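Novice: compute the structure for the input listed below.
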Amino acid sequence: MAEVKLCVIGAGSTYTPELIEGVLARRDELPISQVALMDIDREKLTIVSGLVQRMVEVAGEGPELTVTTDRAEAIEDADFVVTQIRVGGLEARIKDEKIPLQFGVIGQETTGPGGFANALRTIPVMLDIAADVARLAPKARLINFTNPSGLITEALNRYSDAQVIGLCNSPIGLQRQIARHFGVPAADVVLDYFGLNHLSWVRGVRIRGDDFSDPAVEAAAGWSDGRQGQLIRTLRMIPSGYLRYYYFTDEVLEELMRAPKTRGEVVVEVERRLLEMYSDPALKTKPKELEKRGGAHYSEAAMALISAIYNDKDEWHVVNVTNAGCIVDLPDLAVVEVPAQVSSDGAHPRPIGELPLEVRGLVHAVKAYEELTMRAAVEGDHRAALLALTNHPLVPSFGVAHALLDALLQAHRPYLPQFFGEERVR
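Specialist: Have a look, this model is predicted:
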């Protein structure tokens with residue numbers, strides 16, 4: 001088998017040891033000979049790469065590691081590029097969570113105004129990365145984990161020449177949960193899954209070819225509290241966990257307003273403890289405490305996808321991919337989160353048909369918001385940005401959208417030069 005170079009952009013993330021764990025676990029079927037770890041934060045990169053190097057040494061065999069802050073060096077001649085960046089770091093995430101709350105609006109890192117601000121900062125940087133990939137590794141597949149994943153993936157597909165597939169750990173997590181409930185291997189569970197990233201539903205479940213849709217709906221309703229269970233039974237579908245922000249807006253907003261810390265502030269503390277652990281030269285395996293950071297099944301999803309492409313497996317994976325008629329009442333260029341057949345020539349979405357009437361309006365509204373957000377991020381278009389927030393279902397009025405946009409733009413000004421005619425912080 002030909003040797004493979006994997007490049008990880010944002011390798012200073014505390015998730016990276018989990019990704020490398022997946023690389024080591026699949027070395028019999030995926031001959032990754034070199035892993036280039038790249039990050040702009042030299043201190044975090046040094047700490048994380050130190051643990052990764054010890055993991056490789058313990059494994060006895062594994063890839064050669066390149067550790068660098070030079071993005072071009074990391075990307076050059078790569079076969080696969082994984083992106084897991086956070087523009088502005090956790091400090092920016094906390095602002096994304098706190099500022100909307102000042103206007104009585106949910107603040108969350110990927111959904112609503114928080115996800116909007118995240119996308120404005122992130123899309124230009126990701127387009128720079130994609131341009132480097134297209135220039136320095138034109139045959140590489142870019143696997144995007146950077147949030148908001150679907151929106152970022154669509155921007156890259158529309159505005160770059162890189163070959164991009166978006167990935168989220170939520171679908172594989174739900175598949176595993178259903179498999180555990182029915183006591184079967186995860187590979188036996190096939191989901192009729194559709195929607196957008198963090199705005200998705202399961203409308204059918206098959207196990208070893210048999211229809212388990214109704215039992216799965218009842219099981220999911222039983223996992224949830226009273227209101228959530230009632231919603232699932234009413235929809236006769238299983239919604240993504242992120243849909244709680246839309247279906248239970250008032251309750252979630254009250255919960256966030258009462259919380260002593262935002263999730264971002266909690267993550268700061270988790271990250272600090274993890275980096276302290278990673279710094280210990282005696283630590284040679286991924287610590288269990290990483291589970292508190294979130295991102296369950298991240299490595300499993302990423303490495304299974306890469307293996308399916310490299311080994312031309314024709315496997316089904318739920319990914320973020322260009323619609324191309326898969327959901328007939330969404331634009332062909334829209335990126336959707338659906339099952340796709342993955343082989344060496346990419347990901348080919350399974351036809352879904354029309355969106356169910358029960359969710360059609362919500363999907364259309366959020367997709368319109370996403371298209372306006374992409375235009376705003378790429379062109380620095382203030383009008384498009386204002387209309388994006390105005391269209392978002394979680395923003396109650398034009399007046400709130402106007403004030404909220406001004407606050408977000410000023411808070412993140414160093415990362416939004418396209419709106420101010422300034423040079424971007426790198």
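Novice: where are the low-confidence patches of the chain?
Specialist: Along the chain, segments meeting pLDDT under 70 span 1, 294-296, 422-426.
Novice: strands along that one, start to end?
Specialist: 4-9, 32-38, 64-68, 80-83, 141-144, 163-166, 189-196, 199-207, 210-211, 238-239, 315-322, 335-343, 346-349 (DSSP state E).
Novice: show me what the last one is packed up against.
Specialist: If I follow you right, that is strand 346-349. Counting contacts by 3 or more Cβ pairs under 8 Å, 6 or more residues apart in numbering; DSSP states H and E, strand 346-349 packs against strand 163-166, strand 315-322, strand 335-343. Where you see a C-beta, it was placed from the backbone N, CA and C, and this is true even at glycine.
Novice: could you export that strand as PDB, CA atoms only?
Specialist: What follows is strand 346-349 as a C-alpha-only set of coordinates in PDB (Å, rounded to 0.1, in the frame of the first residue of the first chain):
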ATOM      1  CA  GLY A 346     -15.500  11.100  -2.800                       C
ATOM      2  CA  ALA A 347     -18.900  11.100  -1.100                       C
ATOM      3  CA  HIS A 348     -22.100  10.600  -3.000                       C
ATOM      4  CA  PRO A 349     -25.300  11.500  -1.100                       C
END
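Novice: packing partners of whichever helix in the chain runs longest?
Specialist: Taking DSSP state H as the assignment, the helix of the chain that covers the most residues is helix 112-136. The contact analysis (3+ Cβ pairs under 8 Å, 6+ apart) places helix 112-136 against helix 71-75, strand 80-83, helix 89-101, strand 141-144, helix 149-159, helix 357-379, helix 382-391, helix 398-411.
Novice: let me have these in TSV, extended by mean neighbour count and distance to residue 211.
Specialist: Output for the helices and strands packed on helix 112-136, formatted as TSV (neighbours: other Cβ atoms under 10 Å; distance: least, Cβ to Cβ, whole Å):
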stretch	mean neighbour count	distance to residue 211
helix 71-75	18	45
strand 80-83	26	36
helix 89-101	20	40
strand 141-144	26	32
helix 149-159	26	28
helix 357-379	19	19
helix 382-391	20	37
helix 398-411	17	43
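Novice: relative to residue 222, which of these is closest?
Specialist: Each of the helices and strands packed on helix 112-136 has some distance to residue 222 by Cβ to Cβ; the shortest is helix 357-379, at 20.8 Å.
Novice: and the angle for the closest one with helix 382-391?
Specialist: If you take axes from the mean of the first three to the mean of the last three Cα atoms, to 10 degrees, helix 357-379 sits at 160 degrees to helix 382-391.
Novice: for the helices and strands packed on helix 112-136, which one sits closest to residue 173?
Specialist: Closest approach to residue 173 among these is made by helix 149-159 (14.0 Å; Cβ to Cβ).
Novice: chain center to the closest one, what's the gap?
Specialist: Helix 149-159 has its C-alpha centroid displaced from the chain centroid by 11 Å (Cα atoms, centre = their mean, to the nearest Å).
Novice: so which of the helices and strands packed on strand 346-349 is the most packed in?
Specialist: Among the helices and strands packed on strand 346-349, strand 163-166 has the highest mean neighbour count (mean count of other Cβ atoms under 10 Å), at a mean of 26.
Novice: which residue ranges of the stretch 201-350 of the chain form helices?
Specialist: For the stretch 201-350 of the chain, applying DSSP state H, counting those that start in this stretch gives helices covering 213-223, 226-235, 244-247, 249-258, 263-278, 298-310.
Novice: okay if I get those helices as CSV plus distance to residue 82?
Specialist: Compiled in CSV, these are given as follows (distance: least, Cβ to Cβ, whole Å):
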stretch, distance to residue 82
helix 213-223, 30
helix 226-235, 33
helix 244-247, 27
helix 249-258, 31
helix 263-278, 19
helix 298-310, 6
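Novice: most tightly surrounded among the ones you listed?
Specialist: helix 298-310 (a mean of 22).
Novice: what comes into contact with that one?
Specialist: For helix 298-310, contacts defined as Cβ atoms under 8 Å, 6 or more residues apart in numbering pick out 4, 6, 15, 18-23, 25-26, 29-30, 79-80, 82, 141, 143, 145, 165, 167-169, 171-172, 313-315, 317, 319, 342-344, 346.
Novice: out of the helices and strands packed on strand 346-349, nearest to residue 270?
Specialist: It's strand 163-166; of these, that one is closest to residue 270 (Cβ to Cβ) at 24.9 Å.
Novice: for the closest one, packing partners?
Specialist: Applying 3+ Cβ pairs under 8 Å, 6+ apart, one finds that strand 163-166 contacts strand 141-144, helix 149-159, strand 315-322, strand 335-343, strand 346-349.
Novice: possible to save these as JSON lines with distance to residue 300?
Specialist: Shown next, in JSON lines, are the helices and strands packed on strand 163-166 (distance: least, Cβ to Cβ, whole Å):
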{"stretch": "strand 141-144", "distance to residue 300": "13"}
{"stretch": "helix 149-159", "distance to residue 300": "16"}
{"stretch": "strand 315-322", "distance to residue 300": "11"}
{"stretch": "strand 335-343", "distance to residue 300": "14"}
{"stretch": "strand 346-349", "distance to residue 300": "17"}
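Novice: no more questions from me, cheers.
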